[in-house]
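[1] Only the shape, not the letters, is given here:
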């Protein structure tokens, strides 16, 4: 395929389809836009022209270039018109039989060497291609909305997808200014699978009455560094869409508790509180509605800050209280082990940049020490939010679960480490890839957090991935055996004991 001059066909003229059409035309391709609904393709092109006009008005595109892009998009009224296409990208509704029927018909129309790609976000690429005569030229090309803006494209291989097909799609994506990552066709691919804990843990924390949506969102953005909090993001996506994806992944993994959907979100769907598009979700978007304020501790005027910020740096004792990063256990359990009162800090993605810090304290911590902690945090430009004495707190619990799912994805060969991290940074704008993030915290620490939450809840959703556990073991120092043990093994005819480790 000539990356510049060959025709690209896009089937489906909804938000995603017309975005892909605009992207291909901007890269210099002639584009054939088709939709089976009468008049839909014309409306799709008109929407592209309108979007280009807005770019011109903002000074991001000149009028001549906008006109050239629009001029490369041709509306077609029959599937047969797509015959000269070298690449066909389907972006119709998510229905397996509809997609199978469409590609079966396309196979009899386009040239034998034309590439067929689906933009599905939830269906099996293998299943869509199962009845094709040439399944090797078929693969997934999953864009993210809005397609002209978002950098990530998941190149998804089915069982029969040829490596040459995948390589050509990689080249096309790069030529269009995108970053392609390889993914194997499994439920959710990379992003929609690894991202599930970001929503699921927030919903679970809300159900456990740890904090309200505004406070949980503030912790994830102001402490964790995420661009949007989970509740604001679910409101933006739409609870009908987000719940359907969660349910789809849960069902596809045969009810694995890691992907268990939320009854709370189902209630939102049943109520018709779908988020921004209906004017109400976890937040009220109607005219005049006030946005709730996240909870934060008030500074007591007589509180004296600690002289050192070392209370935030790790295990540190001040005023007879141990200050420590959460390892998943409660402050009460840590206090019992340490034989002194404990204040536990939630994780902050970048402590210096964070404007909020979550913490909890066991009952034995004096109120005066809590007040000193709050005024010290405030002096560093951070709101302090006191949380219930809860396993894993908020940011640490969520990041640990994201890292866990990322390692499980690598373990199962869906993608490699670099692919997972790239996909999560570019596909959902995470500040760090979850694997890199877990390594920065320390994989052994993440493992301890997950094990502690599992021990406290006995909920199998918190079981540690063997992939993460194995990676943590690799990074742990090999223990030295005592000299008497080594001598016994040598006497028994073995090599030096260290050689067996």
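    Cool, the structure landed. Note that the structure is predicted; figures quoted are calculated from it, not measured. Residues are numbered from 1 along each chain as shown.
[2] in the stretch 301-450 of the chain, which spans are helices?
    With helices called from DSSP state H, counting those that start in this stretch, the stretch 301-450 of the chain shows them at 331-338, 367-379, 395-411, 417-427, 434-441, 443-457.
[3] Out of these, which is the most enclosed?
    A comparison of the helices of the stretch 301-450 of the chain by mean neighbour count, using mean count of other Cβ atoms under 10 Å, puts helix 395-411 on top with a mean of 26. Yep, even glycine has a C-beta here, placed from its N, CA and C like the rest.
[4] Output the below-cut-off pLDDT ranges for the stretch 1-150 of the chain.
    The stretch 1-150 of the chain contains residues with pLDDT under 70 at 1-5.
[5] all strands for it, in order.
    Secondary structure of the stretch 1-150 of the chain (DSSP state E, counting those that start in this stretch): strands at 8-11, 31-34, 73-76, 87-90, 115-118, 138-143.
[6] Equivalent analysis for the stretch 201-350 of the chain, please.
    316-318, 321-325, 342-345.
[7] just the ones you listed: most buried one?
    The stretch of the strands of the stretch 201-350 of the chain with the highest mean neighbour count (mean count of other Cβ under 10 Å) is strand 342-345, at a mean of 25.
[8] out of the strands of the stretch 1-150 of the chain, which comes closest to residue 346?
    Nearest of the strands of the stretch 1-150 of the chain to residue 346, taken as Cβ to Cβ: strand 138-143 at 33.4 Å.
[9] what residues does that closest one touch?
    The contact list for strand 138-143 (Cβ atoms under 8 Å, 6 or more residues apart in numbering) reads 16, 19-20, 23, 89, 103, 115-121, 125, 128-129, 132, 150, 152-158, 160-161, 165-166, 169, 173, 178, 183, 185, 189.
[10] Now do the residue most central in space within the chain against residue 405, distance only.
    What sits nearest the mean C-alpha location of the chain, by Cα atoms, centre = their mean, is residue 195, with 3.1 Å. Using Cβ to Cβ, to the nearest Å, residue 195 is found at 8 Å from residue 405.
[11] Going along the chain, name the helices of the stretch 51-200 of the chain.
    63-71, 96-107, 125-129, 163-175, 191-194, 196-207.
[12] now for the longest one, which elements pack on it?
    Contact here means 3 or more Cβ pairs under 8 Å, 6 or more residues apart in numbering; DSSP states H and E; on that basis helix 163-175 packs against strand 115-118, strand 138-143, strand 152-157, strand 179-184.
[13] Now do the buried residues in it.
    Using 16 or more other Cβ atoms under 10 Å as the burial criterion, the residues of helix 163-175 that qualify are 165-166, 168-170, 172-173.
[14] Find me the pLDDT at residue 230, would you?
    pLDDT recorded at residue 230 is 98.
[15] pretty sure it contacts residue 195?
    No - the pair residue 230 / residue 195 is not scored as a contact, 9.7 Å apart, by Cβ atoms under 8 Å.
[16] okay, the helices of the stretch 51-200 of the chain in a markdown table with distance to residue 294 next?
    Formatted as a markdown table, the helices of the stretch 51-200 of the chain follow (distance: least, Cβ to Cβ, whole Å):
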| stretch | distance to residue 294 |
| --- | --- |
| helix 63-71 | 42 |
| helix 96-107 | 42 |
| helix 125-129 | 41 |
| helix 163-175 | 39 |
| helix 191-194 | 26 |
| helix 196-207 | 13 |
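[17] quick one: which of those is nearest residue 474?
    Distance to residue 474, taken as Cβ to Cβ, is lowest for helix 191-194 among the helices of the stretch 51-200 of the chain, at 21.2 Å.
[18] Off-centre distance for that closest one?
    Chain-centre distance of helix 191-194: 5 Å, with Cα atoms, centre = their mean, to the nearest Å.
[19] name the helices or strands packed onto it?
    Identification of packing neighbours for helix 191-194 by 3+ Cβ pairs under 8 Å, 6+ apart yields helix 239-252, helix 395-411, helix 417-427.
[20] Adding mean pLDDT, write those out as a markdown table.
    As requested, the helices and strands packed on helix 191-194 are exported to a markdown table (pLDDT from 0 to 100):
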| stretch | mean pLDDT |
| --- | --- |
| helix 239-252 | 94 |
| helix 395-411 | 98 |
| helix 417-427 | 98 |
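[21] so which of these gets nearest residue 301?
    Nearest of those (Cβ to Cβ): helix 395-411, 29.1 Å.
[22] name the helices or strands packed onto the closest one?
    On a contact count with 3+ Cβ pairs under 8 Å, 6+ apart, helix 395-411 meets helix 191-194, helix 196-207, helix 417-427, helix 434-441, helix 443-457, helix 466-475.
[23] what's the closest of the ones you listed to residue 70?
    Closest among these, using Cβ to Cβ: helix 417-427, at 27.1 Å.
[24] How about residues contacting the closest one?
    So helix 417-427 is in contact with 144, 150-152, 154, 179, 181-183, 190-191, 194-195, 402, 406, 409-410, 415, 430-436, going by Cβ under 8 Å, 6+ apart.
[25] quick one: that helix to strand 179-184, angle?
    Angle, helix 417-427 to strand 179-184, by axes from the mean of the first three to the mean of the last three Cα atoms, to 10 degrees: 120 degrees.
[26] Just give me how far helix 417-427 sits from the chain centre.
    Offset of helix 417-427 from its chain centre (Cα atoms, centre = their mean): 9 Å.
[27] now swap in stretch 335-347 and tell me
    That offset, for stretch 335-347, works out to 31 Å (Cα atoms, centre = their mean).
[28] picking that back up, tell me which of the helices of the stretch 301-450 of the chain sits nearest to residue 226.
    Taking the helices of the stretch 301-450 of the chain one by one with Cβ to Cβ, helix 395-411 is closest: 8.9 Å.
[29] which parts of stretch 151-166 are buried?
    Buried residues in stretch 151-166, counted by 16+ other Cβ under 10 Å: 152-158, 160-162, 165-166.
[30] Sorry, wrong one. I was asking about stretch 119-136.
    Using 16+ other Cβ under 10 Å as the test for burial, stretch 119-136 gives 119-126, 128-129, 132, 135.
[31] and of these, the nearest to residue 218?
    When the buried residues of stretch 119-136 are compared for distance to residue 218 (Cβ to Cβ), residue 121 wins out at 29.1 Å.
[32] Report the rounded mean pLDDT for stretch 257-270.
    97.
[33] how does this protein divide into domains?
    8-185, 193-288+397-501, 309-386 (automatic domain parsing).
[34] mind putting those domains in a markdown table, distance to residue 302 included?
    Putting the domains of the chain into a markdown table (distance: least, Cβ to Cβ, whole Å) gives the following:
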| stretch | distance to residue 302 |
| --- | --- |
| domain 8-185 | 51 |
| domain 193-288+397-501 | 26 |
| domain 309-386 | 8 |
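[35] between the ones you listed, which gets nearest to residue 296?
    Residue 296 lies closest to domain 309-386 among those, at 4.1 Å (Cβ to Cβ).
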